[in-house]
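S.K.: sequence and predicted structure are below.
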Amino acid sequence: MAHVRDIMNKHVVTIEQDSFVLDAARLLKEKDVSFLVIVKDGNPVGVLSERDIVRRLAAEDKQASKIRVYEIMSPKFRWVEPTTEIEDAVQKMLNNNIRRLIVLENGKLVGVITQTDLTGFLRSKLLIDETIEKIEKD
């Protein structure tokens with residue numbers, strides 16, 4: 001089976017943990033992404049999703065220009081290595097009820113893999129398998 005490196009997104013949008021949430025929200029909008037990897041000195045320390053901003057900031061009527069990212073980020077994140085088999089990544093996401101995995105190689109951030117990435121890969125694989133099966137029958 002394929003590995004995470006085959007479908008991971010290598011263009012990870014990051015922001016420093018000391019940044020203001022307003023800057024994070026603007027970055028989410030500008031890059032058209034639903035989450036950011038939060039870094040300290042270039043190393044991942046958490047994730048911040050649109051959902052985190054709604055639940056931990058907007059719902060509590062806090063000001064995005066006064067709250068730092070580290071105050072509302074999720075410090076716990078799941079990760080895999082680029083050599084992890086896709087099947088194992090899917091299982092990890094299902095077991096932990098999460099939508100994304102950070103990809104680390106030797107402790108360094110090298111990518112992310114999301115449910116959308118996995119869905120696209122699995123859809124393509126199914127279509128290819130069906131085509132091969134159809135050709136073999138003909």
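M.R.: That came in fine, so what should we check first?

S.K.: check which residues of the longest helix seen in the chain are buried.
M.R.: Among all segments of the chain classified by DSSP state H, the helix with the greatest residue count is helix 115-137. Within helix 115-137, the residues that qualify as buried by neighbour count (16 or more other CB atoms under 10 Å) are 117-118, 121. C-beta coordinates here come from the backbone N, C-alpha and C atoms, glycine included.

S.K.: setting aside sequence neighbours, what's the nearest residue to the residue nearest the centre of the chain?
M.R.: In the chain, the residue lying closest to the centroid (CA atoms, centre = their mean) is Arg100, at 3.8 Å. Taking CB to CB, 6 or more residues apart in numbering, and ignoring the residues beside it in sequence, Arg100 has Thr114 as its nearest neighbour in space, at 4.5 Å.

S.K.: tally of neighbours for that neighbour?
M.R.: As a burial measure, the neighbour count of Thr114 was computed by other CB atoms under 10 Å and equals 19.

S.K.: again with Leu104
M.R.: Other residues within reach of Leu104, judged by other CB under 10 Å, total 17.
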